[in-house]
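**Q** I would like the atomic coordinates for the input below:
(chains A and B)
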2 protein chains.
Amino acid sequence: MPNTKNYHTSQPDYETAIDRNVPDFPVAEVLDEDKYFQNHEPPSYLPEIEAQIDKFVDFHCQQTQKKVVLVTSGGTTVPLENNTVRFIDNFSAGTRGATSAEYFLENGYAVIFLHREFSLLPYSRHYSHTTNCFLDYMVEKDNKVEINPEFADSMLVVLRKYMAAQKANSLLLVPFTTVNQYLYTLRLASQLLQKAQSDALFYLAAAVSDFFLPSSRMPNHKIQAQPSGKLVVDLEQVPKFLRRLVDSWAPQAMIVSFKLETDSSILIKKSVQALNRYHHQLVIGNLLQTRKNEVVLVTPDEAQNWIRLDDTQKHQNVEIESLIIPAVIQEHENWVKNWTAKNK
Amino acid sequence: MPNTKNYHTSQPDYETAIDRNVPDFPVAEVLDEDKYFQNHEPPSYLPEIEAQIDKFVDFHCQQTQKKVVLVTSGGTTVPLENNTVRFIDNFSAGTRGATSAEYFLENGYAVIFLHREFSLLPYSRHYSHTTNCFLDYMVEKDNKVEINPEFADSMLVVLRKYMAAQKANSLLLVPFTTVNQYLYTLRLASQLLQKAQSDALFYLAAAVSDFFLPSSRMPNHKIQAQPSGKLVVDLEQVPKFLRRLVDSWAPQAMIVSFKLETDSSILIKKSVQALNRYHHQLVIGNLLQTRKNEVVLVTPDEAQNWIRLDDTQKHQNVEIESLIIPAVIQEHENWVKNWTAKNK
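**A** Next up, the predicted model:
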């Protein structure tokens, strides 16, 4: 088969070209968060998710005493019609989330992985979303399928970690597609995680849509064109749920959000602004251009902890998440200590 | 790990709930097809694709004498900003296209598979986009990774077919993401396929967006909210390129398009309308509700050839594409015969 890989390098590279700089919208115009849930139906499968998360949290609170992190990952969609095909999507492969989840597992956490369906998953991420086909890892030998020896050793390392997570029941995969599914599941999970008290950690790496089409204005069938032949889509701002997460859904948990910018001069300012606005515990700031090599952990006291890969680490393909996660865990340990002291 | 599979059955099922019924827009308002290419930049990687397709077509025209089918598959995106993250998407997993491509290969065709990146691919489709993780097919035995014996036999069958296609150089994978990439690649491929004359077949199963945001109106950075906090997206209609494909890009090839409806009473009428409008050779009509079990092949003489799975076939999980493709190939043979007779 001809090589179809090379030109991928010259395709528009969303991974390096995206700009998630979120403008500051007028707060007065934000829809009330609670009203959102009154006006939008929960996903029908939510009771099943509830049972799974509840069992998972109970297991770790009662039997393993592991801390539990909810990692969100991937982009949300905004459907433009009921029962139809068109939707607005936020591009995100889920690399940061899936990679971080692995290092949380390796550092002894139980992980609820709230992810966009078909985005990257912990462990399998090493073999998906490449231009390699699944079957390129296989060969036939003596009338049997075998793993291509070229990949067998590294695959064994990954498989063992994956099997260990399964055996320990320490990874729960919970998918979402739409922003509505995401919001309902996030609220549900945070309420169920109250049982873990300050041992719960939220690591919000998903790319959540800023806008949505309220269900009251969603057509049941395909949107019709205007007489001009044009299509006009008129979207509302998604309420800022981080505020509710902090003040009422998960007040005892530690909450980490991300801030991705393209302009280095405003990164710290924006991170501090987010902390002041939502009153959570940690913002991980990163620049689009360098996000795989450096990030900054910003705390409410405006302390900046820069984490950078050095040249040796870059050369050895060290993943920066292997450094970020221990630093986040350190912050979480401080949070638990303070919380315990306060509630004695 | 807890079972996270069951609730998928109660999630909104796009596969059964979509409605691709395309309203008839006023033709007078359609943008001129040629103007589109004047006003929109080609993807930067197009020369590389051109070299690959050219080599592939030459190989089969000169050395194997295989007929060549271009199968399009999956949905196109419409980016809403340059350099940013938001886009409108058309939902399609690519099942019809990927499955059909396999049966074209089995019936002796060379296949150019023009597909949405990360949508289903021929052969690997059997193991991707399920809720199973890649690693669930593996086990460790004697310190080695092996294929789980439960899956090994069926995987060998698929692997052999995949390897055969690779060895014969009969499958060329060409990805797209945006509607602009799709249109440029379709035009390029059709022009290169002119070498195959009437041996070229177009099987247009992709879900192509009806609307797009002209590059002249695309913001370079994230769309800003209106003072009201709202986001308004104002889209233009995508020109009807099928007309150009038939009359100038690939006048000697046979062209097959799809018509998906929800209302059975209008399926034939709409299919005939499409044939009258674009003057191509075959429409495959199908209803959303039953599209995996029956389709109708409609030709310009308004003949209807219904293809249906009987109960035994349904029970044996026969794929309807295994019946559709031989029927399409029969039509293609007639086309070649007529064309040869006319051009003697």
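**Q** mind listing the helices for chain A?
**A** A:14-17, A:33-39, A:46-59, A:95-106, A:149-167, A:179-192, A:241-244, A:267-278, A:311-315, A:321-342 (DSSP state H).
**Q** for these, which one sits closest to B:Q62?
**A** helix A:149-167 (33.2 Å; Cβ to Cβ). In this view, the C-beta of every residue, glycine as well, is placed from N, C-alpha and C.
**Q** Residues contacting that closest one, please?
**A** A:102, A:105-106, A:111, A:122-124, A:126-127, A:137, A:139, A:147, A:171, B:1, B:133, B:135, B:138, B:140, B:143-145 (Cβ atoms under 8 Å, 6 or more residues apart in numbering or on different chains).
**Q** which of those count as buried?
**A** Buried by 16 or more other Cβ atoms under 10 Å in any protein chain shown: A:102, A:105, A:111, A:122-124, A:126-127, A:137, A:139, A:147, A:171, B:1, B:133, B:135, B:138, B:145, out of these.
**Q** low-scoring pLDDT stretches of the stretch 1-150 of chain A, where are they?
**A** A:1-32, A:83-85, A:129-132 (pLDDT under 70).
**Q** Look up how far A:D142 lies from A:A152.
**A** According to Cβ to Cβ, to the nearest Å, A:A152 and A:D142 sit 16 Å apart.
**Q** Comparing these two, which shows the higher neighbour count?
**A** A:A152 (15 against 5; other Cβ atoms under 10 Å in any protein chain shown).
**Q** where does the more buried one land on pLDDT?
**A** As predicted, A:A152 sits at a pLDDT of 91.
**Q** rewinding a little: out of the helices of chain A, indicate the one that is most buried.
**A** helix A:95-106 (a mean of 24; mean count of other Cβ atoms under 10 Å in any protein chain shown).
**Q** and that helix with helix A:321-342, angle?
**A** When axes from the mean of the first three to the mean of the last three Cα atoms, to 10 degrees is applied, the directions of helix A:95-106 and helix A:321-342 differ by 60 degrees.
**Q** helices and strands around helix A:95-106, which ones?
**A** On a contact count with 3 or more Cβ pairs under 8 Å, 6 or more residues apart in numbering or on different chains; DSSP states H and E, helix A:95-106 meets strand A:68-73, strand A:110-116, helix A:149-167, strand A:200-204, helix A:321-342.
**Q** How many neighbouring residues does A:Q63 have?
**A** A:Q63, neighbours per other Cβ under 10 Å, totals 9.
**Q** And it, how far from A:V57?
**A** For A:Q63, the distance to A:V57 - Cβ to Cβ - is 11 Å.
**Q** How about A:F212?
**A** Distance from A:F212 to A:V57, by Cβ to Cβ: 29 Å.
**Q** And for A:E106?
**A** From A:E106 to A:V57 the distance is 20 Å (Cβ to Cβ).
**Q** Please apply the same query to A:F134.
**A** On the measure of Cβ to Cβ, A:F134 and A:V57 end up 33 Å apart.
**Q** do A:L297 as well
**A** Distance from A:L297 to A:V57, by Cβ to Cβ: 26 Å.
**Q** Break chain A down into its structural domains.
**A** A:23-123+A:165-252, A:266-344 (automatic domain parsing).
**Q** and the ones you listed as CSV, adding distance to B:V78?
**A** Shown next, in CSV, are these (distance: least, Cβ to Cβ, whole Å):
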stretch, distance to B:V78
domain A:23-123+A:165-252, 9
domain A:266-344, 22
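**Q** And those: which comes nearest B:H279?
**A** Nearest to B:H279, of those and by Cβ to Cβ, is domain A:23-123+A:165-252 at 22.3 Å.
**Q** Centre of the chain to the closest one, how far?
**A** 8 Å (Cα atoms, centre = their mean, to the nearest Å).
**Q** same deal with stretch A:239-258?
**A** That offset, for stretch A:239-258, works out to 15 Å (Cα atoms, centre = their mean).
**Q** now swap in stretch A:276-291 and tell me
**A** The answer for stretch A:276-291 is 14 Å, by Cα atoms, centre = their mean.
**Q** Same check on stretch A:150-161?
**A** Worked out by Cα atoms, centre = their mean, stretch A:150-161 lies 25 Å from the chain centre.
**Q** before we move on, the earlier item: and the domains of chain A: which comes nearest B:R217?
**A** domain A:23-123+A:165-252 (11.1 Å).
**Q** how near is the residue of chain A most remote from its centre to A:P149?
**A** The outermost residue of chain A relative to its centre, with distances by Cα atoms, centre = their mean, is A:D142 at 43.1 Å. Going from A:D142 to A:P149 by Cβ to Cβ gives 14 Å.
**Q** Might you report the residue contacts of A:Q316?
**A** A:Q316 touches nothing, counting by Cβ under 8 Å, 6+ apart.
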